[in-house]
Structure formats: structure tokens, C-alpha cells
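1. would you be able to build a 3D model of this:
(chains A, B, C and D)
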There are 2 protein chains.
Amino acid sequence: MAATIRDVARASGVHVSTVSRTFSAPHLVNTETRNRVLAAAEDLGYRPNRAARALTTGRTHNLGLIVADIANPFFPPLIKSAQAHARERDYHVFVADTDEDPLVEEELIQTLTKQVDGVLLCSPRLSNRAIERLGADVPFVVVNRRVKGMSTVLMDVGHGARLAVAHLASLGHRRIGLVAGPSGSWTSGEMREAAAATAREAGLDLSILGPNPPTEQGGLAAAGDVVKAGVTGVLAYNDMVAIGLIEGLYERGLRVPGDVSVIGVDDIVPGRLNRPKLTTVAMPTSAAGRTAVDLLLQAVGAKDAATPALTTLETSLVVRESTAPPPSIERSS
Amino acid sequence: MAATIRDVARASGVHVSTVSRTFSAPHLVNTETRNRVLAAAEDLGYRPNRAARALTTGRTHNLGLIVADIANPFFPPLIKSAQAHARERDYHVFVADTDEDPLVEEELIQTLTKQVDGVLLCSPRLSNRAIERLGADVPFVVVNRRVKGMSTVLMDVGHGARLAVAHLASLGHRRIGLVAGPSGSWTSGEMREAAAATAREAGLDLSILGPNPPTEQGGLAAAGDVVKAGVTGVLAYNDMVAIGLIEGLYERGLRVPGDVSVIGVDDIVPGRLNRPKLTTVAMPTSAAGRTAVDLLLQAVGAKDAATPALTTLETSLVVRESTAPPPSIERSS
DNA sequence: GACATGGCTGCAACCGGTTGCATTATTGTG
DNA sequence: CACAATAATGCAACCGGTTGCAGCCATGTC
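-> Alright, predicted model coming up:
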């Protein structure tokens, strides 16, 4: 079917090894010979078979990228930047979706491992133990999770949370709430800690509400807690929760930002149609993709196990329409 | 490093071919021997190397899925269903993003071709000629485009357009507009034809507005045309255009659906926060993913070039809040 | 003129599996 | 009991490349 290296060798009257070298070590072959080989290859439409090459070299020039859910708008920018960045370095990225299922995740890792030089694990659902075990064969880089002995890319959501709380404080809010995420989430823990510290410094009253599922439903269900807590400013675990929360507040007759200000995290809400447009903590997802690829290729290139690197990326606050001064600003004390 | 078939053979005291058969043709090996081999394999953590297997069998058990833009919310459901469906059939899917660039698309196809048994091409940007040429080595299935000699999955957007126009007519609209997409788009042509036919049958006045880029910007820019045409009901090329259009109408002081009704296509707008929630033509993207995988595996299984199949999937109208009766219903004639 | 040097190419083993064929042991049949 | 059929396993070639080693030739050097 497709032309092989032997077809090219026959057509150009040289040994297969010469053809091989023409592509993988051109400087070792005479210019004239090389041109003859290249002409024959061109003629036959020959393209080296990367899989076969990988058998002997141990380098597939492929990377694996595993995400929990492609449909989550948080991931596509990361995927795109990782892919583009890898392409520039002559690597290809295979994306796989685990559908939030740890078993699928494990199976995908095992399958991918044999066909790639390294794996990028984004927001894994697997236990750290399992990840460490699976990472024995091939370099891993983990995004949004700390795993012992592995290179990691984190986004400093704590910093974003501090900015968000400070923003609420500067608008005059004194009683604020944090609609927390799932209890096991690293991100949620960071947010909680950062929000607590900032609230203390600014002399604010902070209520932790949750844990909640990281979905619109979760936000909708948390609306009651927010009302009960009597807060005027809220930081939600992520944008989906924020959206659900706003909807829930509407149902209870409260307006955003008139009665309650709401801040989300991720900056994933597209479109101009949203009312109000969401104030949110933007995550550097594109940068995370690039950085993760850099770290991974670095580990791939190293002969022995490289020392794991930790990169933390900054976040920022994007102020839009869902935050405003509280209904009546009372001068405290 | 990782255990190979020879390690397992040594550990269990049999020949490599017996180990190979234990995994690829278990009925050919004695139960007792098989158990011994499996135990040794388990012990060593052996997993067959799919790439090596592919070298002799010619079957990688991988499929390639190429999309123009993962970040376009239209694609993820398709990707997810294709992936899940393939998994059930012991195939894995590698997703690649061309970033809307035909050159990247071509390069990706060439790279993937050697590592997969078949390629799923979604909304390709390459010319039909190029696709036909590249499809010589490995089976292709094309989604959202007709390519001679290749299996195809289409979504019947014409049907959806008819439903949309009929819906506007039943609400009492007499002057309606179609905000068309890019001039080269197959989908846009289908919509135009269907809308024209339905309008004629229902005695409506139809204005074709465009072509426009398939983006929010495109919709925003088209708002002027809509006002000028004096229509009260509009079918937009897709949801992004519809969103931009609504925004543009707002800027001109018109309300949706009070003054103008707007219908989108794709049903990709998430979240409950949109005001108004968009009436839209829902596309069977999940079904398309499944169908495409079925078609592809069928072609992969066939020894000789299978006769290309064409599958057309139905669309449906989802009525939400962006459509209503026109400002003043005049009984015609 | 003998010999070392370097450039280029061929040879053959190897990567990790699969598979047609040969070999041996076992069982069934008349 | 002889012979055929069947089951289980080993042997070795092969898939499409890569690579260490050896051989050849043309130079350069003394």
C-alpha cells in the first residue's frame, strides 16, 4: 500500500540504511545520493512511519493530553495552546477525554503511555497513589494538582481570591460569603485560605458556605445558604456555580449586583448576552498549556529522571457587571 | 524498562509466540499454560505494545478525529460521543485541532494517517481535492461536508430551517430575514434553500441578509441590515451570530423578542443567565459522533474499499424565549 | 610508495510484537 | 494396534524503520 523505506531504496538503487539516514541523519549521506533518494521518495509519496521509527528509537514524538471533560470550557484554551506549542517543537498531541471517570482515566493512561513520550494530566480524578504508579514508565506533568515527584503546573487561585475579596471590600461590602467547591478540591482549599486571610486583614465578616458540587446546580442550591447568611458579596467556586447562584438569587427576588454582588472563577462564560456579565477571576489556561508542554519536553529530553519542577502561574481579576456597592453602605463603627 | 513479551516468555518458561497467542488468540493455548503466562504477565506488569502490534497486523486500533476548533462548543459533544462509542469497540480516539488552518489540517492528517486505522474529519477546511488525495491510504469519514467517494454524515439543517421559519409564521410574522453564513458554507446554502421554500409556501416575505462571518462579530454587524430590511423575525446562521445580532439590535434600541424574534442554530449557548434564552435549531452532534464512528469502523473492517455511505441526521427546533409574536399582528389582506 | 585518515555506504541485528508452518504429544476411529 | 485427526507449542520470518560496525575508496602526509 503506502511506500516503505525499501521501496525507496529499490527505486534509488541504494541500501535501506542509506534511505533511513537520508531522513534521520542527512549530514551522513553524500549530497548527490541524498538528492537521488529524496527524488525517489517524493516520487513514491514516501513518508516515514513514525510508529515503526518509535520501535527502535524509543521516541514517538507524540505527547498525550488527558482531560476530565473536553466540554468544560475551561480546557479548550489549554488544549489549543499545548497543541500549538508542541507543534512548533515537532511534537504532536493526542487528546483524550476521561469523562470524569477515574477508571477510564487509568485505562487511557495505560494505552497512551506506549504511544507517547510523555503525558500531560489536567485536573486528574485519579488518586495520587495511582498517578505515581502509572507515571513510572513515562514522564508526566500534572496540571492543577500536586503529586509527589512529578512536575506540576498550578494556577495561583489563592491570589485571585485575595483580589476578589479585596474588590468586594473596596466596594463597601462588610459581610461576604465563599461558596466553596467539592471538599476534596485543592483549588477550593486554596480559595478558602486566601479569602479567610484577606477578610481578616480587611476586618470583614466571612461565611464559608458549602461544600457544593462544582456545577450550575450546585450554585442554584447554594442560593438559600447565601440568603440565610445575609451576605452582600459572594465569591463562588467557579463560573458555573456563580451562574447557578445568580439564577437562584433571582428566584428569591434578589437582584445581582443590586442586592448581592457575585464573583466567579475561570472566566469561561462566553457571549455578550449574559445579564449581568460576570465579574470573575481569570485563569491563565493558555499559559498553563504552554508551560506544561515545556516542562514535559524537558523531562522527555533528560536521560535520567529529571528533578520535578513546580511552576505557579498568576491569576487576575476581571471586573464586569456582577459586582457593585452593597444596597446601603453603613460606615462601620 | 517496561516488560516485553520476551520477559514474560522467560518468566513463564514458554516461547514468545505462546505469550503472543495468550493475548491475541487465547483459544489456541492450553488453559494451564495460559494461566501461567497470565500470572507472569500480571507479575511483571506487562501490557502489549500496541504500536508494535500494529506493525505486523496493520491495525492500530486507534482512530483520528480532526476538528477545526476544539474551543467551538459545537464540537465537544461530538468528540465525547465519538470517543465513548469507539471505546466500547476497543478503539481509541486521538483528537487534533487544526486551528482553522488548512495547512495544519493537511499536516495533521498525514501524521495521523500512519498511527490510526481511520480518520474522522469534522467540518474540514481543506478543499475536496486535497481530502480525496489524502484519503487514499486510510478510510475517511467526513462530517458536515460532501466529498465524492467518502462516507459522510450530514445534519439536516434544512429541516431545522423549515421548522424555524414555520415557527415564526405560526407566531404571526410575515416579514422574515435569514442572516446567512459564509458564502462557501454547505450549511448556509441548505438553510437558504429551505427557508425560501417554506417562506414561499406560507406566503411570507423573505430577505436574505449576508453573507456574514459565522461569529458574534458577524451578527453584530448584521444588525443594521436587519433593521433596514424591516423584518420582525430572523433566522441566524448559528448561535454565535444570533447572540451578536441580539446585542446589535439592543444597541439600536430594539428588544428581543418584543420587537424582533431571533432564532439561532447549534444549541450551544450554555447557562441560564442569558436574557433572553435563545430559541434555536438543535443539532444532533452526539448522534453524529456515534454514527461517524460506526461508519468508519465499518470501512476499516472491510477488506476492499467499501462503498461510501451517506447518513443524514434529523435536527429539531428548541423554542425558548427569543421568539414571540410580532409587535402588532396585522391580518394579511 | 606505504600508511593513516575521513567520508560514504552496505551489512545485519534489533525494537516488540504476529503468524504460517513444522513438530510433537494426545486422543479418537475402525 | 495402526493410523488419522486434533491440540499445543516452538521455530523463524516478517512488519518498517534505526544504528553499530566494517569495508571501500579517495585523499593527505611523511
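2. so where do the helices sit in the stretch 201-333 of chain A?
-> Counting by DSSP state H, counting those that start in this stretch, the stretch 201-333 of chain A has helices at residues A:216-229, A:239-251, A:285-301.
3. so which of the ones you listed is nearest residue A:47?
-> Closest to residue A:47 of the helices of the stretch 201-333 of chain A is helix A:285-301 (Cβ to Cβ; 23.0 Å). Where C-beta positions appear, they are placed from N, C-alpha and C, glycine not excepted.
4. now for that closest one, which elements pack on it?
-> strand A:62-67, helix A:76-88, strand A:118-122, strand A:140-143, strand A:151-155, strand A:310-313 (3 or more Cβ pairs under 8 Å, 6 or more residues apart in numbering or on different chains; DSSP states H and E).
5. quick one: strands adjacent to the last one?
-> Strand A:310-313 has its sheet partners listed here by DSSP bridges as strand A:151-155 (parallel).
6. which parts of the stretch 1-150 of chain A sit against chain B?
-> The stretch 1-150 of chain A comes close to chain B at residues A:1-2, A:47, A:49-52, A:54-55, A:60, A:62, A:69-71, A:73, A:76-77, A:79-80, A:83-84, A:87, A:92-97, A:99, A:104, A:108, A:110-112, A:114-115, A:137, as judged by Cβ under 8 Å from any Cβ of the partner chain.
7. returning to what we had before: could I get the helices and strands packed on helix A:285-301 as a markdown table with distance to DNA strand D, mean pLDDT and mean neighbour count?
-> Shown next, in a markdown table, are these (distance: least, Cβ to the nearest atom of the strand, whole Å; pLDDT from 0 to 100; neighbours: other Cβ atoms under 10 Å in any protein chain shown):
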| stretch | distance to DNA strand D | mean pLDDT | mean neighbour count |
| --- | --- | --- | --- |
| strand A:62-67 | 15 | 94 | 25 |
| helix A:76-88 | 20 | 93 | 21 |
| strand A:118-122 | 18 | 95 | 27 |
| strand A:140-143 | 24 | 94 | 28 |
| strand A:151-155 | 26 | 95 | 24 |
| strand A:310-313 | 31 | 95 | 15 |
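8. just checking, residue A:293 touches residue A:78?
-> No: with contact defined as Cβ atoms under 8 Å, residue A:293 does not reach residue A:78; the gap is 10.2 Å.
9. work out for me the element the nearest residue to residue A:45 once chain neighbours are set aside sits within.
-> Leaving aside its chain neighbours, residue A:45 sits nearest to residue A:3 (5.9 Å; criterion: Cβ to Cβ, 6 or more residues apart in numbering or on different chains). According to DSSP states H and E, residue A:3 maps onto no helix or strand at all.
10. show me the shaky parts of the stretch 201-333 of chain A.
-> A:270-274, A:303-306, A:329-333 (pLDDT under 70).
11. what's the burial count for residue A:282?
-> As a burial measure, residue A:282 scores 17 neighbours (other Cβ atoms under 10 Å in any protein chain shown).
12. that should have said residue A:327, apologies.
-> 11.
13. kindly report the same for residue A:23.
-> For residue A:23, using other Cβ under 10 Å, the count is 18.
14. what do you get for the one 10 residues further on?
-> Neighbour count for residue A:33, taken as other Cβ under 10 Å: 16.
15. what about it, which helix or strand?
-> helix A:31-44.
16. other SSEs contacting that helix?
-> So helix A:31-44, by 3+ Cβ pairs under 8 Å, 6+ apart, packs with helix A:5-12, helix A:16-24.
17. pipe those into CSV and attach mean pLDDT and distance to residue A:155 per row.
-> Formatted as CSV, the helices and strands packed on helix A:31-44 follow (pLDDT from 0 to 100; distance: least, Cβ to Cβ, whole Å):
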stretch, mean pLDDT, distance to residue A:155
helix A:5-12, 94, 45
helix A:16-24, 94, 39
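18. hmm, back to that, the residue nearest to residue A:45 and residue A:54, how far apart?
-> 19 Å (Cβ to Cβ, to the nearest Å).
19. okay, those two: which has more neighbours?
-> residue A:54 (22 against 15).
20. quick check, pLDDT for that one.
-> We have a pLDDT of 90 for residue A:54.
21. related to what we said a few turns ago, just name the most buried of the helices of the stretch 201-333 of chain A.
-> helix A:239-251 (a mean of 24; mean count of other Cβ atoms under 10 Å in any protein chain shown).
22. return the distance of that helix from the chain's centre.
-> Centroid displacement of helix A:239-251 relative to its chain, using Cα atoms, centre = their mean, to the nearest Å, is 24 Å.
23. next, the angle from that helix to helix A:216-229.
-> 50 degrees (axes from the mean of the first three to the mean of the last three Cα atoms, to 10 degrees).
24. and the residue of the stretch 51-200 of chain A found nearest DNA strand C, helix, strand or coil?
-> Closest to DNA strand C within the stretch 51-200 of chain A is residue A:55: 3.4 Å, counting by Cβ to the nearest atom of the strand. Three-state call for residue A:55 (DSSP: H, G, I helix; E, B strand; the rest coil): helix.
25. and the helix holding residue A:33, what's buried?
-> A:33-34, A:36-38, A:40-41, A:44 (16 or more other Cβ atoms under 10 Å in any protein chain shown).
26. hmm, that helix touching DNA strand D?
-> No: figure legend: helix A:31-44 not in contact with DNA strand D (Cβ under 7 Å from any atom of the strand); closest approach 9.9 Å.
27. what's that helix in contact with?
-> Helix A:31-44 is contacted by residues A:3, A:7-8, A:11-14, A:18-19, A:22, A:26, A:29, A:46 when judged by Cβ atoms under 8 Å, 6 or more residues apart in numbering or on different chains.
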